[in-house]
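Trainee: Quick one, structure for this:
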Amino acid sequence: MDFETVMQELEALGKERLKKMYIGNGAHEPVFGVATGAMKPLSKKIKKDQALAEQLYATGNYDAMYFAGIIADPKAMTEEDFDRWMDGAYFYMLSDYVVAVTLAEADIAQAVADKWIASGEELRMSAGWSCYCWLLGNRKDNEFDASKLADMLDQVEKTIHDAPDRAKSAMNNFIYTVAISYVLLHDKAVETAKAVGLVEIKRDKKKSSILNASENIQKEIDRGKLGFKRKYVRC
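Mentor: Coordinates of the predicted model:
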């Protein structure tokens with residue numbers, strides 16, 4: 001399927017209600033407003049096509065960029081490719097749910113995520129922490145260095161309240177994900193969540209959000225989700 005056909009298909013799937021919602025979350029034109037579930041039949045026809053993914057991502061169209069992440073071949077992407085995609089990720093739904101998700105299926109995921117976390121740039125930091133969440137929720141525990149993750153928990157405890165808002169959200173989710181999906185450090189993550197306490201996320205023209213990792217961890221424990229791993233990262 002060629003680029004023009006895919007763009008036409010995506011435009012036809014657009015809904016005004018979803019377009020308004022995406023824009024309310026930070027997307028800007030061009031955007032069609034396509035439900036992620038509505039993209040599945042299209043992605044099944046294409047499977048992986050890195051060249052097409054690159055064309056779609058370069059459009060700056062939110063829906064095309066999102067679909068690019070679905071059909072990308074992460075193992076064919078270099079560190080420079082992921083940096084370029086991050087350069088185009090202008091809000092968190094792209095950084096955390098497209099770029100970070102795609103990176104999580106690449107062999108270089110941890111190295112690139114580490115670099116982004118250390119960058120000091122809000123969306124790169126957010127994508128880096130989010131990538132670890134996607135990784136921890138999918139990969140086997142033996143693919144991680146426990147001492148490194150413990151150090152990362154310490155880093156979160158010391159820096160989360162001074163971090164940029166999107167990074168705060170991803171860091172809070174990292175605590176929760178370690179507690180649920182990396183059982184070896186469950187107790188430490190629980191203690192970190194208690195030490196961090198409530199995390200305030202300020203939102204433009206809206207009431208602040210309050211995040212509570214301890215509460216979310218306990219909810220998942222009560223649901224019997226301790227040790228949870230998802231089968232796939234991308235849909």
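Trainee: all contacts plus neighbour counts: C-alpha atoms, from now on.
Mentor: Fine.
Trainee: Now name the helix or strand holding the residue lying closest to residue 39 once chain neighbours are set aside.
Mentor: Nearest non-adjacent residue to residue 39, counting by Cα to Cα, 6 or more residues apart in numbering: residue 67, 7.2 Å away. Assigned by DSSP states H and E, residue 67 falls within helix 62-71.
Trainee: ditto for residue 209
Mentor: strand 206-211.
Trainee: Nearest spatial neighbour of the residue sitting nearest the centre point of the chain, chain-adjacent residues omitted?
Mentor: Centroid check for the chain by Cα atoms, centre = their mean gives residue 96 as the closest residue, at 2.7 Å. Spatial nearest neighbour of residue 96, excluding adjacent residues (Cα to Cα, 6+ apart): residue 127 at 4.8 Å.
Trainee: Kindly report the same for residue 141.
Mentor: residue 182 (6.3 Å).
Trainee: Would you check that the one you found makes contact with residue 225?
Mentor: No. At 11.5 Å, residue 182 does not count as touching residue 225 under the criterion of Cα atoms under 8 Å.
Trainee: Could you check which of those two is surrounded by more residues?
Mentor: Shown here are residue 182 and residue 225; by other Cα atoms under 10 Å, residue 182 has more neighbours (24 against 14).
Trainee: Who are the contact partners of that one?
Mentor: Residues in contact with residue 182 (Cα atoms under 8 Å, 6 or more residues apart in numbering) are 136, 141, 227.
Trainee: Rebuild these as CSV, extending it with pLDDT and distance to residue 91.
Mentor: Converted to CSV, these look like this (pLDDT from 0 to 100; distance: Cα to Cα, whole Å):
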residue, pLDDT, distance to residue 91
136, 98, 23
141, 96, 30
227, 96, 31
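Trainee: most neighbours, which of those?
Mentor: Most surrounded of those: other Cα under 10 Å gives residue 136, at 23 neighbours.
Trainee: There's contact between that one and residue 179 in this structure, I believe.
Mentor: No. Here residue 136 does not reach residue 179: they are 10.1 Å apart, not a contact under Cα under 8 Å.
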